[in-house]
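Engineer: Below are the sequence and a predicted model for it; my questions follow.
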Amino acid sequence: DTAVSQTPKYLVTQMGNDKSIKCEQNLGHDTMYWYKQDSKKFLKIMFSYNNKELIINETVPNRFSPKSPDKAHLNLHINSLELGDSAVYFCASSLQGVTEAFFGQGTRLTVV
Amino acid sequence: RKEVEQDPGPFNVPEGATVAFNCTYSNSASQSFFWYRQDCRKEPKLLMSVYSSGNEDGRFTAQLNRASQYISLLIRDSKLSDSATYLCVANYGGSQGNLIFGKGTKLSVKP
């Protein structure tokens, strides 16, 4: 069983579209994250959720909105996609905020 | 400011070499530290946690110096399969969760 799974693995879409990336973890963890890895390979935290509450909201555009229907899921919705949004987006989870994080396989988003 | 700084490399070493990576973090309140490994086009995977007393896992040794806010990773007897990017991680924000990654150090082990 995959511990942290995200879908889709690849996403190609046009500028201006709205898209969502789904993430689920079956580890019983309390904290989930979204990270963005750009072309320079820098892994930058976007959001983290602890027990369904947004606790860290980095300075990302408000076109990005995390949605957590329950503790096991943290989806990422992106409005009005721009070329600069092209990147790999990783979902991750950890038991607590101070413990190690486990990553999903990533979603490679390409905006054309 | 939340920062984790690493030498980006690349480090090109022959098989069997010993290589050391260094990392500094800016928040003295950080409580936990890790080294991750990321292979090309793959997700980051935990290599090892870093404890104040230092810890070893086979050929890998991690050290933490809280006074200097410095973390290190030593790889002995390098293998071709060690070729990857190594990411230093520190937590910010206490128990609420905010794992900050360094930009990574690329290692290439050559035959």
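Structural biologist: Arrived safely, thanks for sending. Remember, it's a predicted structure, so these values are computed and weren't measured experimentally.
Engineer: May I have the predicted confidence score for residue 40?
Structural biologist: Reading this off chain A. Note for A:Lys40: predicted pLDDT of 82.
Engineer: Wait, chain B was what I had in mind.
Structural biologist: Looking at B:Cys40, the pLDDT reads 93.
Engineer: Now do it against chain A, distance only.
Structural biologist: Separation of B:Cys40 from chain A (Cβ to the nearest Cβ, to the nearest Å) stands at 10 Å. In short, each C-beta sits where N, CA and C put it, glycine included.
Engineer: Let me see the contact set for that residue.
Structural biologist: Counting by Cβ atoms under 8 Å, 6 or more residues apart in numbering or on different chains, B:Cys40 makes contact with B:Ala84.
Engineer: For the residue nearest to A:Asn79 when sequence neighbours are not counted, grab the count of nearby residues.
Structural biologist: Nearest non-adjacent residue to A:Asn79, counting by Cβ to Cβ, 6 or more residues apart in numbering or on different chains: A:Arg63, 4.5 Å away. A:Arg63 has 13 neighbouring residues, counting by other Cβ atoms under 10 Å in any protein chain shown.
Engineer: okay but A:Arg63 is in contact with A:Leu76, surely?
Structural biologist: No. Assessed by Cβ atoms under 8 Å, A:Arg63 is found out of contact with A:Leu76, at 10.9 Å.
Engineer: Now do A:Val88 against B:Gly104, distance only.
Structural biologist: A:Val88 is 14 Å from B:Gly104, where distance means Cβ to Cβ, to the nearest Å.
Engineer: Between these two, which has more neighbouring residues?
Structural biologist: Per other Cβ under 10 Å, whichever of A:Val88 and B:Gly104 has more neighbours is B:Gly104, with 25 against 19.
Engineer: which phi and psi does that one have?
Structural biologist: Main-chain dihedrals, B:Gly104, degrees, to the nearest 10: phi 90, psi 150.
Engineer: Low-confidence regions, chain A specifically.
Structural biologist: Filtered on pLDDT under 70, chain A yields the residue ranges A:1, A:52, A:97.
Engineer: residues contacting the closest residue to B:Cys23 other than its chain neighbours?
Structural biologist: Spatial nearest neighbour of B:Cys23, excluding adjacent residues (Cβ to Cβ, 6+ apart): B:Cys88 at 3.4 Å. Each residue near B:Cys88 by Cβ under 8 Å, 6+ apart is listed here: B:4, B:6, B:21, B:23, B:25, B:33-35, B:71, B:73, B:101-102, B:105.
Engineer: before we move on, which element is B:Cys88 in?
Structural biologist: Assigned by DSSP states H and E, B:Cys88 belongs to strand B:84-91.
Engineer: What of B:Ala62?
Structural biologist: strand B:60-65.
Engineer: Now that strand: average pLDDT?
Structural biologist: When pLDDT is averaged over strand B:60-65, the result is 95.
Engineer: Okay, B:Leu99 and chain A: tell me how far apart.
Structural biologist: 5 Å.
Engineer: Surely that residue touches A:Met32?
Structural biologist: No. Counting by Cβ under 8 Å, B:Leu99 stays clear of A:Met32, with 11.5 Å between them.
Engineer: Overlap of the contact sets of the two?
Structural biologist: Joint contacts of B:Leu99 and A:Met32 (Cβ under 8 Å, 6+ apart) are A:Ala92.
Engineer: show me where chain A has strands.
Structural biologist: A:4-7, A:10-13, A:19-25, A:31-37, A:43-50, A:53-57, A:64-67, A:75-78, A:87-94, A:101-103, A:107-111 (DSSP state E).
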